[in-house]
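Visitor: build the 3D model from these lines:
(2 chains)
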Number of protein chains: 2
Amino acid sequence: MAVTGTGVVRRVLDAAVELFAQQGFDATSVQEVVERAQVTKGAMYHYFRSKDDLLYEIYHELISVQLAGLERIQAVREPAPRELRALITDLVVTTAAQLGAATVSARELHRLAGDKSAALRAQRRRYHEAVRELVERGQRDGEFTDTVSAQTVTLMVFGIVNQLPQWYRPDGPTTPRELADEIAGFVLAGLGASAPGPQDVGEESDADR
Amino acid sequence: MAVTGTGVVRRVLDAAVELFAQQGFDATSVQEVVERAQVTKGAMYHYFRSKDDLLYEIYHELISVQLAGLERIQAVREPAPRELRALITDLVVTTAAQLGAATVSARELHRLAGDKSAALRAQRRRYHEAVRELVERGQRDGEFTDTVSAQTVTLMVFGIVNQLPQWYRPDGPTTPRELADEIAGFVLAGLGASAPGPQDVGEESDADR
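Guide: Modelled structure (predicted):
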């Protein structure tokens, strides 16, 4: 067994996601994780101090990718309907690409306490606030109806995205991109926006399908 | 200690909901549940065979109330937009009334296996299918747009409802009924329905607020 560096990290995290998803965080031992990952306990403890660290890192990876997407999209500075479609698309596609991590995070993150939990909550709050401010901007500019509060819209969007792992099947007939188009179209219609079609969102739209 | 019959059942289930929500299903022992409920282990085992039975009953109570609501609403046979508003309202109000049970069910139900799990899944599927058929009916009758599939709409509605316990605060400024109106209005707009206002839904609308 000569797995080192990022090889260890990747294998340990992938094994932890599988086991936490199958049998739950509490019911999984560190011993089971290292066996599944085929690394030594010493190798694992070189990178992670505890089982809590694994759970932290599983969600941290996912939310970091999503926050990077948020920054990329915000940098373009588009009208609110277009930006909201881009954000929802990115959230759906990144969640669908990390279904195991998303499942485990949704179920088990409440088991984390202390600084690490606070750090993850702060990251998640940053994304929530970006969506809420975007909806408020669209409402101020008259692009969205204000019959529903920006706060409730935000919580509904994340409700939809966070529940995806419970029912989205990557081997089913719907691609993540198609699903993202359906969800974004529905949310924009719910906000009364004359929604830009997915073909208008950006030049990468077709290439990504 | 002379708690008997339904008194025992209620106290045990309430204690189990509190403990499972606070510290997780796996991390909670039967001993902790009976101590919190202030009943004897013998009394508890008269009604429940195992910790799994408690988890089953927690979700079974919630879904049974919701299925009864579904039947009551279906019996009236209203146009699809009105019926969908009534269903969403009932789901939101019953979830808000049982936040602890809804939280525990969302996080822990995957821990159940076998017949009991299958029975609960069948009940949940019954509600999902009712919503999907209702959306399909509205799409057929031209009351809803069909740009988003009835299946995806159904999963989004339950995504929104199932995530409620994570953020809805009963001591906050929004009543369950107001929240239900916001959510139903958003979903109906998402479906392109010229939504009936909440005041049109039924005579109990104002009395319930």
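Visitor: quick one: contacts for the residue nearest the centre of chain A?
Guide: Geometric centre of chain A, nearest residue: residue A:95, 4.6 Å, by CA atoms, centre = their mean. Contact analysis of residue A:95 by CB atoms under 8 Å, 6 or more residues apart in numbering or on different chains lists A:62, A:102, A:161, A:162, A:164, A:165, A:168. From N, CA and C alone the C-beta is placed, and that goes for glycine too.
Visitor: buried ones among these?
Guide: Buried members of the contacts of residue A:95, scored by 16 or more other CB atoms under 10 Å in any protein chain shown, are A:62, A:102, A:161, A:162, A:164, A:165, A:168.
Visitor: pLDDT and secondary structure added to the residues you listed, as JSON lines?
Guide: JSON lines is the format used below for these (pLDDT from 0 to 100; DSSP: H, G, I helix; E, B strand; the rest coil):
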{"residue": "A:62", "pLDDT": "95", "secondary structure": "helix"}
{"residue": "A:102", "pLDDT": "94", "secondary structure": "helix"}
{"residue": "A:161", "pLDDT": "94", "secondary structure": "helix"}
{"residue": "A:162", "pLDDT": "90", "secondary structure": "helix"}
{"residue": "A:164", "pLDDT": "91", "secondary structure": "helix"}
{"residue": "A:165", "pLDDT": "90", "secondary structure": "helix"}
{"residue": "A:168", "pLDDT": "90", "secondary structure": "coil"}
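Visitor: all helices for chain A, in order.
Guide: Assignment of helices within chain A using DSSP state H yields the ranges A:6-23, A:30-37, A:41-47, A:51-76, A:80-97, A:99-108, A:114-140, A:150-167, A:176-190, A:204-207.
Visitor: which positions in chain A make contact with chain B?
Guide: Within chain A, the positions near chain B by CB under 8 Å from any CB of the partner chain are A:24-27, A:107-108, A:110-111, A:145, A:147-149, A:152-153, A:155-156, A:158-164, A:166-167, A:174, A:179, A:182-183, A:185-187, A:189-192.
Visitor: buried ones among those residues?
Guide: Buried members of the residues of chain A next to chain B, counted by 16+ other CB under 10 Å: A:24-26, A:107-108, A:110-111, A:145, A:148-149, A:152-153, A:155-156, A:158-164, A:166, A:174, A:179, A:182-183, A:185-187, A:189-192.
Visitor: show me the shaky parts of chain A.
Guide: Residue ranges of chain A with pLDDT under 70: A:1-5, A:194-209.
Visitor: keeping just the C-alphas, turn stretch A:167-183 into PDB.
Guide: Provided in PDB are the C-alpha atoms of stretch A:167-183 (Å, rounded to 0.1, in the frame of the first residue of the first chain):
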ATOM      1  CA  TRP A 167     -34.500  11.900  -5.600                       C
ATOM      2  CA  TYR A 168     -32.100  12.800  -8.400                       C
ATOM      3  CA  ARG A 169     -30.800   9.700 -10.200                       C
ATOM      4  CA  PRO A 170     -27.700  10.400 -12.300                       C
ATOM      5  CA  ASP A 171     -28.500   7.300 -14.400                       C
ATOM      6  CA  GLY A 172     -32.100   8.500 -15.100                       C
ATOM      7  CA  PRO A 173     -33.300  10.200 -18.300                       C
ATOM      8  CA  THR A 174     -32.700  13.900 -17.100                       C
ATOM      9  CA  THR A 175     -29.300  15.400 -17.300                       C
ATOM     10  CA  PRO A 176     -28.300  17.800 -14.500                       C
ATOM     11  CA  ARG A 177     -28.400  20.600 -17.000                       C
ATOM     12  CA  GLU A 178     -31.900  19.800 -18.100                       C
ATOM     13  CA  LEU A 179     -33.000  19.600 -14.500                       C
ATOM     14  CA  ALA A 180     -31.300  22.900 -13.800                       C
ATOM     15  CA  ASP A 181     -33.200  24.500 -16.700                       C
ATOM     16  CA  GLU A 182     -36.500  23.200 -15.400                       C
ATOM     17  CA  ILE A 183     -35.900  24.400 -11.800                       C
END
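Visitor: now what about that stretch, what contacts it?
Guide: By CB under 8 Å, 6+ apart, the residues outside stretch A:167-183 that reach it are A:88-89, A:92-93, A:95-97, A:99, A:160-161, A:164, A:198, A:208-209, B:147-149, B:152, B:155-156.
Visitor: what about 7 Å?
Guide: Applying CB atoms under 7 Å, 6 or more residues apart in numbering or on different chains, the external contacts of stretch A:167-183 come out as A:88-89, A:92-93, A:96, A:99, A:160, A:198, A:208-209, B:148-149, B:152, B:155-156.
Visitor: please report how far the residue nearest to residue A:30 when sequence neighbours are not counted lies from residue A:24.
Guide: Spatial nearest neighbour of residue A:30, chain neighbours left out: residue A:51 (5.6 Å); criterion: CB to CB, 6 or more residues apart in numbering or on different chains. Going from residue A:51 to residue A:24 by CB to CB, to the nearest Å gives 12 Å.
Visitor: same deal with residue A:113?
Guide: 17 Å.
Visitor: residue A:180 too?
Guide: Counting by CB to CB - residue A:180 and residue A:24 are separated by 29 Å.
Visitor: what residues go with each domain of chain A?
Guide: Listed domain ranges for chain A are A:1-48, A:50-207 (source: automatic domain parsing).
Visitor: just put those in CSV and tack on distance to residue B:32.
Guide: Formatted as CSV, those follow (distance: least, CB to CB, whole Å):
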stretch, distance to residue B:32
domain A:1-48, 14
domain A:50-207, 17
